[in-house]
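>>> just coords:
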């Protein structure tokens, strides 16, 4: 699938799906629409799994020299641990909507980088 559709298209498409899903999560939470929350979560997992979750490993292995390739993977592992450790504390501190907006904003920045600047 990566070779037939292309790395950029997969990553950009998955990030766009994630942005839409964060908007769906926010809307579903504000208006208490449980089916929208569930559907947004499921589509988010779909969008993440075929883009940032899987394609990014192939993409980085092609553009980063082998000697330093472990650095982005180490950074991703550290960020995953930090996000997993502090998500509940962040929800209590800043609120659920701010957290949705932060992660949705990060997905938007990634999508703009891939679409606008042709990374």
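In hand now; what should we look at? Just so you know, these numbers come straight off a predicted model, no measurement behind them. Residues are numbered from 1 along each chain as shown.
>>> hey, let's count contacts and neighbours off CA atoms from now on
OK.
>>> run through the strands of this structure in chain order.
Per DSSP state E, the chain carries no strands over any range.
>>> next, give phi and psi for residue 65.
When read as degrees, to the nearest 10, the backbone of residue 65 gives phi -60, psi 150.
>>> how about the contacts made by it?
For residue 65, the contact set (Cα atoms under 8 Å, 6 or more residues apart in numbering) is empty.
>>> you'd agree residue 104 is up against residue 26?
No. Residue 104 lies out of contact with residue 26 (Cα atoms under 8 Å); the separation is 9.9 Å.
>>> do a quick rundown of the helices in this protein.
Using DSSP state H, the helices of the chain run over residues 2-5, 7-30, 34-50, 55-63, 70-94, 96-116.
>>> give me the contacts around the longest one.
Residues outside helix 70-94 that contact it (Cα under 8 Å, 6+ apart): residue 99.
>>> in TSV, list the helices of the chain along with mean neighbour count and mean pLDDT.
Output for these, formatted as TSV (neighbours: other Cα atoms under 10 Å; pLDDT from 0 to 100):
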stretch	mean neighbour count	mean pLDDT
helix 2-5	9	65
helix 7-30	21	91
helix 34-50	17	94
helix 55-63	14	80
helix 70-94	12	92
helix 96-116	16	90
